[in-house]
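>>> coords please:
(one chain, ligands or ions: 1)
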Amino acid sequence: MTSLIPSTRKPFSWAVVGAGPAGLAAVAKLLDAGVDPLSILWLDPAFQVGDLGTKWRVISGNTKVALFIKFLYACRSFKYETCPEVFPINHLPADGTCLLKEIADPLQWISDHLRQKVAACQGALRVLTRQGAGWQLTTDTGVFGAKKVILATGAEPRVPEDARTPIVSLDVAMDLTRLKEGCSASDRVAVFGSSHSAVVALYNLAALGIETVNVYRSPLKYASYYEDWILYDNTGLKGYSATWAKEHMEDDSLKTLTRVHQDDPACEKALSTCTKYVYATGFDKRVTFETDASVPLIHNHQTGEIDTHLYGFGIAFPEGKTDKLGNFEHNVGLWKFMVYLERILPFWLAA
Ligand SMILES: Cc1cc2nc3c(=O)[nH]c(=O)nc-3n(C[C@H](O)[C@H](O)[C@H](O)COP(=O)(O)OP(=O)(O)OC[C@H]3O[C@@H](n4cnc5c(N)ncnc54)[C@H](O)[C@@H]3O)c2cc1C
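This is a model prediction of the structure:
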C-alpha cells in the first residue's frame with residue numbers, strides 16, 4: 001500500500017472511493033467540471049478497473065460495443081482520443097457484444113493516466129465518519145478529511161445465509177478456465193438463478209460436460225428492443241446469453257441440464273443429488289469499511305445521496321428507474337452510469 005500524501009494536509013474538496021468504471025467516471029467528470037485535480041483524493045487498493053478489470057474479463061458482456069465506445073469518449077479528462085495504443089474494441093462491430101476485457105483494457109489505460117493527475121492513494125478506506133460539515137476517511141495509509149465523498153465501492157454476488165455447501169463462487173463459475181479447476185466431470189452442480197450470470201455459469205458447465213440442476217424462481221426473461229427504449233434492459237438476457245438460453249434452456253434439449261422451479265416438490269430431491277452449488281441470485285453492495293451507526297449506507301435512487309455531502313454511485317448504489325410499462329429496475333451498466341452521473345453531478349457540485 002502506498003501513499004505520498006501527508007495525512008496532515010488540509011481536507012480535500014472531494015474523495016472518490018473505488019477505481020472501477022464508476023470511480024473512473026466520477027473522478028473524470030469532477031475534473032471536466034473544473035474541480036482542482038489536487039483537491040480530489042482517489043482511493044483504491046489496486047487501481048485495476050475494479051471487478052470489470054479483474055473478475056469479469058473473460059465474460060461475454062451484454063452491452064453493445066457502440067455504448068462502450070461512447071463511454072470511452074464521454075469525459076474530456078479520459079483523453080481517449082490521445083491514446084497511442086489501438087485497442088481491439090476500436091475495430092469491433094459497433095452493433096455486436098464483446099468480452100469484457102475489450103473494455104477493461106482501454107479503461108486501464110485511462111485509469112493509469114487519470115491517477116497521475118489527482119491525489120491518488122493506493123489503499124482501502126477502513127472507517128468513514130462525519131467530521132464537521134465533511135467526512136473523515138481512515139485508510140490503510142493515513143487519515144484524510146474531505147468535504148464531499150463519492151462511494152463507488154462495487155458489489156458482491158449475494159449468497160443466502162442458509163446456502164448449501166460447497167459453493168463454487170460466481171467469479172469462478174463464470175470463468176471457464178477457473179471452473180475447470182473448481183469442478184470435475186463427476187460433479188453435479190446446482191446453479192441458482194436465471195439471469196445473465198446464471199446463464200454464463202450454465203453454459204460454462206455445459207461446455208465442460210458437467211451435469212447441472214438449474215433452480216429458478218422466475219421464467220427466463222429477454223431484453224426486447226423498441227425504437228427508443230429497451231424492455232427489461234437491466235434484467236433481461238441479451239447477447240450470447242440470450243441466444244444460448246433460447247436454444248438450450250427453453251426446452252429439455254440439453255441432456256446435461258435439468259431445470260426445476262424452487263417451489264416444485266421435486267426441487268429438494270434434485271438438490272440432494274448435487275455435489276456443488278453456484279449462487280447467481282443477484283448482487284449486494286460491498287461492505288468494506290465501517291461507518292457511524294448514524295450513517296446507514298442507504299442511497300436515494302434518484303439522486304445518489306446517502307447523507308449530507310455523501311453520495312453513492314455505480315453498481316453498489318444504482319439509479320432506480322421505472323420503464324414505460326411500469327417495471328422498476330436498477331440501472332446498471334457503464335453507459336447508464338455515465339448518463340446518470342451527467343444528470344446528478346451538477347447537484348452534488350452545488351450542494
Ligand atoms: C457478471 C457481470 C457482468 C457485467 N457485464 C456488464 C456489461 O456487459 N456491460 C456493462 O455496462 N456493465 C456490466 N456489468 C455491470 C457493471 O458495469 C460492472 O459490475 C462494473 O464493474 C461496476 O463498476 P463499479 O465501479 O460500480 O464497481 P467495481 O467494478 O466493483 O469497482 C469497485 C472498486 O471499489 C474498490 N473498493 C471497494 N471497497 C473499497 C474501499 N473500502 N476502499 C477503497 N476502494 C474500495 C474495489 O476494490 C473496486 O476496485 C456487469 C456486472 C457483472 C457483475
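>>> so what's the residue lying farthest from the centre of the chain scoring on pLDDT?
Within the chain, the residue lying farthest from the chain centre (CA atoms, centre = their mean) is Pro265, at 34.6 Å. Note for Pro265: predicted pLDDT of 95.
>>> Ok, Met1 next?
In this prediction, Met1 carries a pLDDT score of 44.
>>> cool, and Asp292?
pLDDT, the model's per-residue confidence, is 84 for Asp292.
>>> With Asn90 instead?
Note on Asn90: pLDDT of 94.
>>> I'd say it and Phe68 touch.
No: checked against CB atoms under 8 Å, the pair Asn90 and Phe68 is beyond contact range at 10.4 Å. C-beta here means a position set from N, CA and C on the backbone, and glycine is covered the same way.
>>> which of these two has more neighbours?
Shown here are Asn90 and Phe68; by other CB atoms under 10 Å, Phe68 has more neighbours (25 against 14).
>>> what are the phi and psi values for the residue of the stretch 251-351 of the chain found nearest the ligand?
With CB to the nearest ligand atom as the measure, Gly314 is the residue of the stretch 251-351 of the chain nearest to the ligand, at 2.4 Å. For Gly314, the backbone dihedrals (degrees, to the nearest 10) come out as phi 90, psi -160.
>>> element containing the closest residue to it other than its chain neighbours?
Spatial nearest neighbour of Gly314, chain neighbours left out: Ala22 (2.6 Å); criterion: CB to CB, 6 or more residues apart in numbering. Secondary structure assignment for Ala22, by DSSP states H and E: helix 21-32.
>>> for Ala242, same thing?
Assigned by DSSP H and E, Ala242 belongs to helix 239-248.
>>> pLDDT on that helix, on average?
92.
>>> Pull the distance from that helix to the chain's centre.
22 Å (CA atoms, centre = their mean, to the nearest Å).
>>> and what of stretch 302-321?
14 Å.
>>> What is the end-to-end distance of it?
One end of stretch 302-321 to the other measures 8 Å (CA to CA, to the nearest Å).
>>> quick one: buried residues of that stretch?
By neighbour count on 16 or more other CB atoms under 10 Å, the buried set for stretch 302-321 is 304-307, 309-319, 321.
>>> And stretch 190-208, by the same measure?
By 16+ other CB under 10 Å, the buried positions in stretch 190-208 come out as 190-206, 208.
>>> what about dumping the CA coordinates of that stretch to CSV?
Below are the C-alpha coordinates for stretch 190-208, written out as CSV (Å, rounded to 0.1, in the frame of the first residue of the first chain):
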residue,chain,number,x,y,z
ALA,A,190,-26.7,-26.7,-8.9
VAL,A,191,-27.0,-23.2,-10.3
PHE,A,192,-29.5,-20.9,-8.6
GLY,A,193,-30.9,-18.1,-10.7
SER,A,194,-31.9,-17.4,-14.3
SER,A,195,-30.2,-14.0,-15.0
HIS,A,196,-27.2,-13.2,-17.2
SER,A,197,-24.7,-14.5,-14.6
ALA,A,198,-26.6,-17.8,-14.1
VAL,A,199,-26.7,-18.4,-17.8
VAL,A,200,-23.0,-17.8,-18.2
ALA,A,201,-22.3,-20.3,-15.4
LEU,A,202,-24.7,-22.8,-17.1
TYR,A,203,-23.1,-22.6,-20.5
ASN,A,204,-19.6,-22.9,-19.0
LEU,A,205,-20.7,-26.1,-17.1
ALA,A,206,-22.4,-27.4,-20.3
ALA,A,207,-19.1,-26.8,-22.2
LEU,A,208,-17.3,-29.0,-19.6
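>>> can you give me the mean pLDDT across that stretch?
Averaged across stretch 190-208, pLDDT comes to 96.
>>> still on that earlier bit, which elements pack onto the helix holding Ala22?
With contacts taken as 3 or more CB pairs under 8 Å, 6 or more residues apart in numbering; DSSP states H and E, helix 21-32 sits against strand 12-17, strand 40-44, helix 50-54, helix 101-117, helix 334-350.
>>> if you set the cut-off to 6 Å instead, what comes out?
With contacts taken as 3 or more CB pairs under 6 Å, 6 or more residues apart in numbering; DSSP states H and E, helix 21-32 sits against strand 12-17, helix 334-350.
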